[in-house]
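[1] what would the 3D arrangement of this be:
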Amino acid sequence: EKYEALRAEVLRAPVEHEDDAVLVAGLKERMEAIERMRNCVAHNRRPTKGTTENYLNARPLLNELLDEYLARWQRPE
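    Numbering: from 1, shown residues only. Predicted coordinates:
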């Protein structure tokens, strides 16, 4: 039943809930640094020092943002 609720939330077209809007905004902000690093890797280029620093700063923030958001879908133990 929790899977179906999660699936319904993920497939919902417009962002209705404030928590979801915050997640999307946070993802966009953090994904820019990650996308720059991905681009370097995909094209076999050495990332600049700034790209590397931004990636290393953004990755844990992204993980934290996703962990907090997804924690509401975990079963209580």
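[2] export stretch 2-20 to CSV, keeping only CA atoms.
    In CSV, the C-alpha atoms belonging to stretch 2-20 read as follows (Å, rounded to 0.1, in the frame of the first residue of the first chain):
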residue,chain,number,x,y,z
LYS,A,2,2.9,2.4,0.7
TYR,A,3,4.3,1.6,-2.7
GLU,A,4,1.1,2.5,-4.4
ALA,A,5,1.0,5.8,-2.5
LEU,A,6,4.6,6.6,-3.5
ARG,A,7,3.8,5.6,-7.1
ALA,A,8,0.8,7.9,-7.2
GLU,A,9,2.9,10.8,-5.8
VAL,A,10,5.7,10.3,-8.3
LEU,A,11,3.3,10.1,-11.3
ARG,A,12,1.3,13.1,-10.2
ALA,A,13,1.7,15.8,-13.0
PRO,A,14,1.7,19.2,-11.4
VAL,A,15,3.5,19.8,-8.1
GLU,A,16,0.7,20.1,-5.6
HIS,A,17,2.4,19.9,-2.2
GLU,A,18,4.8,22.4,-0.8
ASP,A,19,7.2,19.7,0.3
ASP,A,20,7.4,18.4,-3.3
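[3] low pLDDT regions in this structure?
    Counting by pLDDT under 70, the ranges of the chain that qualify are 1, 15-16, 75-77.
[4] biggest helix in it by residues?
    helix 18-42 (DSSP state H).
[5] report the buried residues of that one.
    For helix 18-42, a neighbour-count test (16 or more other Cβ atoms under 10 Å) marks 23, 26, 30, 33, 36, 37, 40 as buried. Yep, even glycine has a C-beta here, placed from its N, CA and C like the rest.
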